[in-house]
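Visitor: Let's see this in three dimensions:
(chains A and B)
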Amino acid sequence: DQQVKQNSPSLSVQEGRISILNCDYTNSMFDYFLWYKKYPAEGPTFLISISSIKDKNEDGRFTVFLNKSAKHLSLHIVPSQPGDSAVYFCAASSDSNYQLIWGAGTKLIIKP
Amino acid sequence: SAVISQKPSRDICQRGTSLTIQCQVDSQVTMMFWYRQQPGQSLTLIATANQGSEATYESGFVIDKFPISRPNLTFSTLTVSNMSPEDSSIYLCSVRIAGSEAFFGQGTRLTVV
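Guide: Numbers count the residues shown, from 1 in each chain, chains lettered A, B, ... in the order given. Have a look, this model is predicted:
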């Protein structure tokens, strides 16, 4: 049973436009959510996170929105740049549990 | 933050042989995590390695196939034993500090022929 789901395996966006990556979860005990970016042949790198006490967190071009009632979070990248082309993973954890539960990833392609 | 040095970065191995992957962290951490990412798949946790105790394996992974060592708070190894082509994957070590984000090594791309 997948507790964290990224239903879009890939997404193609024009450079300069907004990229929206979605993630759904089933476990209501999750209280901390993270987004990671992964280039081929590299380990994932942390992008942005959000605690369940907030519904929005912004860092430069990246904003994460959390809708607890819908058990849904999204990552917005604006404006999208060619260097944003990568696989994006969302992950979730529950209080004091070091283990992260991962989504399957969404491959983002930014078209020039 | 934590910086993790993982090696080898890639290897091509014959079936039936074993490969040991090493991870060195620049700070002391209680838990280290070993993941596998098969082609087109997400990250799958293999095991959690605690210093001074046996590793805790996830469902579908066993110690005989993936023995782990954790001799101190900055180092761990994962061995992929008796390899078959199905073991071809990217293997990643990771640490998570104080319940915040996780940090990853650069990964080991393993191809078994």
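Visitor: mind checking how far stretch A:80-99 is from the chain centre?
Guide: How far stretch A:80-99 lies from its chain's middle: 5 Å, per C-alpha atoms, centre = their mean, to the nearest Å.
Visitor: Quick check: residues of chain A near chain B?
Guide: Taking C-beta under 8 Å from any C-beta of the partner chain as the contact definition, chain A meets chain B at A:32, A:34, A:41-46, A:49, A:89, A:91, A:93, A:95-96, A:98-100, A:102-105. The C-beta positions use only the backbone N, C-alpha and C, and glycine is treated the same way.
Visitor: Of the residues you listed, keep whichever come out buried.
Guide: A:32, A:34, A:42-44, A:46, A:49, A:89, A:91, A:93, A:98-100, A:102-105 (16 or more other C-beta atoms under 10 Å in any protein chain shown).
Visitor: how about low-confidence regions in chain A?
Guide: Scanning chain A for pLDDT under 70 picks out the ranges A:1, A:95-97.
Visitor: lowest average confidence, helix or strand, in chain B?
Guide: strand B:102-104 (a mean of 89; mean pLDDT, DSSP states H and E).
Visitor: Partner strands of the helix or strand just after it, with direction?
Guide: Sequence order places strand B:108-112 as the next helix or strand after strand B:102-104, per DSSP states H and E. Paired strands of strand B:108-112, with direction, are strand B:10-13 (parallel), strand B:89-96 (antiparallel) (DSSP bridges).
Visitor: Just list what the helix or strand that the shortest one is followed by packs against, helices and strands only.
Guide: When you say that, I think you mean strand B:10-13. Toward the C-terminus, strand B:10-13 is succeeded by strand B:19-25 as the next helix or strand (DSSP H and E). Where contact means 3 or more C-beta pairs under 8 Å, 6 or more residues apart in numbering or on different chains; DSSP states H and E, strand B:19-25 is packed against strand B:4-7, strand B:75-80, strand B:89-96.
Visitor: got the angle for strand B:19-25 vs strand B:75-80?
Guide: Interaxial angle, strand B:19-25 versus strand B:75-80 (axes from the mean of the first three to the mean of the last three C-alpha atoms, to 10 degrees): 160 degrees.
Visitor: What residues sit buried inside strand B:19-25?
Guide: Buried residues in strand B:19-25, counted by 16+ other C-beta under 10 Å: B:19, B:21, B:22, B:23, B:25.
Visitor: so who does the third one touch?
Guide: Contacts for residue B:22 were tallied using C-beta atoms under 8 Å, 6 or more residues apart in numbering or on different chains; they are B:6, B:7, B:75, B:76, B:77.
Visitor: Same question for the fourth one.
Guide: Listed by C-beta under 8 Å, 6+ apart, the contact partners of residue B:23 are B:4, B:5, B:6, B:32, B:75, B:76, B:77, B:78, B:93, B:105.
Visitor: Skipping adjacent residues, who's closest to the last one in space?
Guide: When you say that, I think you mean residue B:105. residue B:6 (2.9 Å; C-beta to C-beta, 6 or more residues apart in numbering or on different chains).
Visitor: Quickly list what the one residue in chain B that gets nearest to chain A is bridged to.
Guide: Residue nearest to chain A within chain B: residue B:104 (3.3 Å; C-beta to the nearest C-beta). Judged by DSSP bridges, the bridge partners of residue B:104 are residue B:94.
Visitor: my read: it touches residue A:39, true?
Guide: No. At 11.9 Å, residue B:104 and residue A:39 do not qualify as touching, with contact defined as C-beta atoms under 8 Å.
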